[in-house]
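Participant: dropping a prediction and its sequence here:
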Amino acid sequence: MAEQKIIPHLWFDGAAEEAAALYTSLVPGSAISAVSRYGKAGFEVHGQPEGTAMNVDLCLGGQRLLALNGGARFRPTPAVSYFLTFEDRATLDAAWTALGEGGQLRMPLDEYPWSPRYGWVDDRWGMSWQFALGDPALTGGQVLTPMLLFVGAQAGHAEAAMAHYTELFPDAGIGGVLRHDGTGDDPAGTVMHAQFRLAGQTFMAGDSALMHDFTFTEANSFVVFCDDQAEIDHYWQALSAKPEAERCGWLKDRFGLSWQIIPRHLPTLLSSSDPKVMETFMGMGMIDIAALERAAE
């Protein structure tokens, strides 16, 4: 199986390990693979006590995710949700009950025209999950599929976003597109639901012109691991649209979605005991691999 190029990154306020433990207990084929922790360096920036979990690396239903303890600055919203496809009803129901405890219901678990059993809920930490009983083959073989909902000022831009992303990444393309017919609040022709592929991974997207009190935030971002500086430059130049959002490899694109464009060996570099490495990293917008390597010498 090819290495996963794009990694969903979930932001928590101190609960990354707890959340990862719950998630991996509910979805078959899941496990926590690694936990990195904050050191003394950079405390004045990140504010996390030494030893606190920084990133939790986990596999959820065959898809790699990263969970970060980043503080209370950002909150997740349903503009990014994670679509879980279960073949077994009992497993789905158990996961639904556990994730819904203390959370917020968006659509009740029930039969719908598109699924014999479907529901949408935000968990106790605000992460948003859609559940469906069905065959993962319909989502490229993925049990977990990220879903992007374009609302507010971005409503109607789902198709443009898919076109932009599929031009940028390898092994990419737009699959089936179901369009609004114009009988509701959404203009005819805008995207009701679509699947698209980036770097061999399936994603979903849709537009909603309904009144929503949320939009994309940094609490759900997508990490793109790069092999060298040229690849970092390629994605950064194509995606970054808001200079004020550029920090430590993070950027926002013109649709408001957050990305992290980082070298594949960044965790190794940041594991250095030399505080100069973290200090150098914290001062960067786009990652400069050579500067980090010099700091680590």
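Facilitator: That came through, no problem.
Participant: okay, now the domains of this protein?
Facilitator: In terms of domains, the chain is parsed into 80-207, 227-297 (source: automatic domain parsing).
Participant: and those domains, which one's lowest on average pLDDT?
Facilitator: Mean pLDDT across the domains of the chain is lowest at domain 227-297; the value there is a mean of 92.
Participant: how about the contacts made by residue 248?
Facilitator: Residue 248 is in contact with 281-282, 284-285, 287, counting by CB atoms under 8 Å, 6 or more residues apart in numbering. All C-beta spots, glycine's among them, are computed from the backbone N, C-alpha and C.
Participant: tabulate these (JSON lines), appending distance to residue 59.
Facilitator: Shown next, in JSON lines, are the contacts of residue 248 (distance: CB to CB, whole Å):
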{"residue": "281", "distance to residue 59": "26"}
{"residue": "282", "distance to residue 59": "29"}
{"residue": "284", "distance to residue 59": "29"}
{"residue": "285", "distance to residue 59": "30"}
{"residue": "287", "distance to residue 59": "25"}
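Participant: out of those residues, the closest to residue 197 would be?
Facilitator: residue 287 (26.0 Å; CB to CB).
Participant: in terms of helices and strands, where is the closest one?
Facilitator: Residue 287 belongs to no helix or strand when assigned by DSSP states H and E.
Participant: residues near it, how many?
Facilitator: 22 (other CB atoms under 10 Å).
Participant: same thing with the one 4 residues further on?
Facilitator: Other residues within reach of residue 291 by the criterion other CB under 10 Å amount to 14.
Participant: quick check on the residue nearest to it when sequence neighbours are not counted: phi, psi?
Facilitator: Using CB to CB, 6 or more residues apart in numbering and skipping residues adjacent in sequence, the residue nearest residue 291 is residue 280, 6.0 Å away. Main-chain dihedrals, residue 280, degrees, to the nearest 10: phi -70, psi -40.
Participant: circling back to that earlier point, nearest to residue 52, out of the domains of the chain?
Facilitator: domain 227-297 (14.2 Å).
Participant: run the chain-centre distance for that closest one.
Facilitator: In terms of CA atoms, centre = their mean, to the nearest Å, the centre of domain 227-297 is found 17 Å from the chain centre.
Participant: so residue 205 bridges to which residues?
Facilitator: Residues in a beta bridge with residue 205, per DSSP bridges, are residue 148, residue 194.
Participant: hmm, back to that, pull out the buried members of the contacts of residue 248.
Facilitator: Buried residues within these, counting neighbours by 16 or more other CB atoms under 10 Å: 281, 285, 287.
Participant: related to what we said a few turns ago, so which of the contacts of residue 248 belong to helices?
Facilitator: Members of the contacts of residue 248 lying in helices (criterion: DSSP state H): 281-282.
Participant: any chance of TSV for the domains of the chain, columns distance to residue 44?
Facilitator: Formatted as TSV, the domains of the chain follow (distance: least, CB to CB, whole Å):
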stretch	distance to residue 44
domain 80-207	26
domain 227-297	9
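Participant: select, out of those, the one closest to residue 73.
Facilitator: Nearest to residue 73, of all the domains of the chain, is domain 227-297, at 11.6 Å by CB to CB.
Participant: out of the contacts of residue 248, which is nearest to residue 274?
Facilitator: Lowest distance from residue 274 to the contacts of residue 248 (CB to CB) belongs to residue 281, with 11.4 Å.
Participant: list the contacts for the closest one?
Facilitator: Contacts for residue 281 (CB under 8 Å, 6+ apart) come out as 42, 248, 269-270, 287, 292.
Participant: quick one: which of those residues is nearest residue 91?
Facilitator: Nearest to residue 91 among those, with distances taken as CB to CB, is residue 270, at 36.6 Å.
Participant: strands of the stretch 101-250 of the chain, start to end?
Facilitator: Under the criterion DSSP state E, counting those that start in this stretch, the stretch 101-250 of the chain contains strands at 104-112, 115-122, 128-133, 144-150, 173-179, 191-198, 201-207, 220-226, 250-252.
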